[in-house]
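Peer 1: no sequence for this one, just the structure:
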């Protein structure tokens, strides 16, 4: 699977860890930055991951900042992105299954590496759900179209 990754300086160490893990699992990783712990602003990187997903350069996206919140907000400004902040495998599974999240966001200062790894693995193997969830995803798409 092709996966785009991005972070700000606070999420950089976690992004590097997760990108390496994705590569170990056999995924093709597109690293959209940042490439150091030098202070940068997260909107650029959240948007870059979002664009990679909606333009088809990546099937899914992974973002990290200090909390995961700011970069998720930025990624969600890209039409077609459904970025979700997750804290563990359960929230990752629900974000993917119920909300059809296509970008997973984690807090480098909030979530430990092993918990983040478990959450990411769960996100990757969870299929977007059907049934009652489809109507809600369509409602979200209609909000974007306004």
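Peer 2: Right, received. Where do you want to start? No experiment lies behind these values; they were computed from the predicted model shown.
Peer 1: for residue 2, give me phi and psi.
Peer 2: phi -90, psi 130 (degrees, to the nearest 10).
Peer 1: separation between it and residue 61?
Peer 2: For residue 2, the distance to residue 61 equals 10 Å [CB to CB, to the nearest Å]. From N, CA and C alone the C-beta is placed, and that goes for glycine too.
Peer 1: of the two, which one has the most company?
Peer 2: More crowded of residue 2 and residue 61, by other CB atoms under 10 Å: residue 61, with 29 against 14.
Peer 1: quick one: residues in contact with the helix or strand hosting the more buried one.
Peer 2: According to DSSP states H and E, residue 61 maps onto strand 60-65. Applying CB atoms under 8 Å, 6 or more residues apart in numbering, the contact partners of strand 60-65 are 1, 3-8, 10-12, 14-15, 18-19, 22, 42, 45-46, 49-50, 52-53, 71-72, 75, 81, 83, 102-108, 120, 123-124.
Peer 1: change it to 7 Å
Peer 2: Outside strand 60-65, the residues that touch it by CB atoms under 7 Å, 6 or more residues apart in numbering are 1, 3-8, 10-11, 14-15, 18, 42, 45-46, 49-50, 52-53, 71-72, 75, 83, 102-108, 120.
Peer 1: same thing with stretch 96-105?
Peer 2: Against stretch 96-105 from outside (CB under 7 Å, 6+ apart): 49-50, 53, 60-64, 68, 71-72, 75, 81-86, 92, 95, 120, 123, 126, 128-129, 133, 137.
Peer 1: repeat that for stretch 131-143.
Peer 2: By CB under 7 Å, 6+ apart, stretch 131-143 touches 98, 100.
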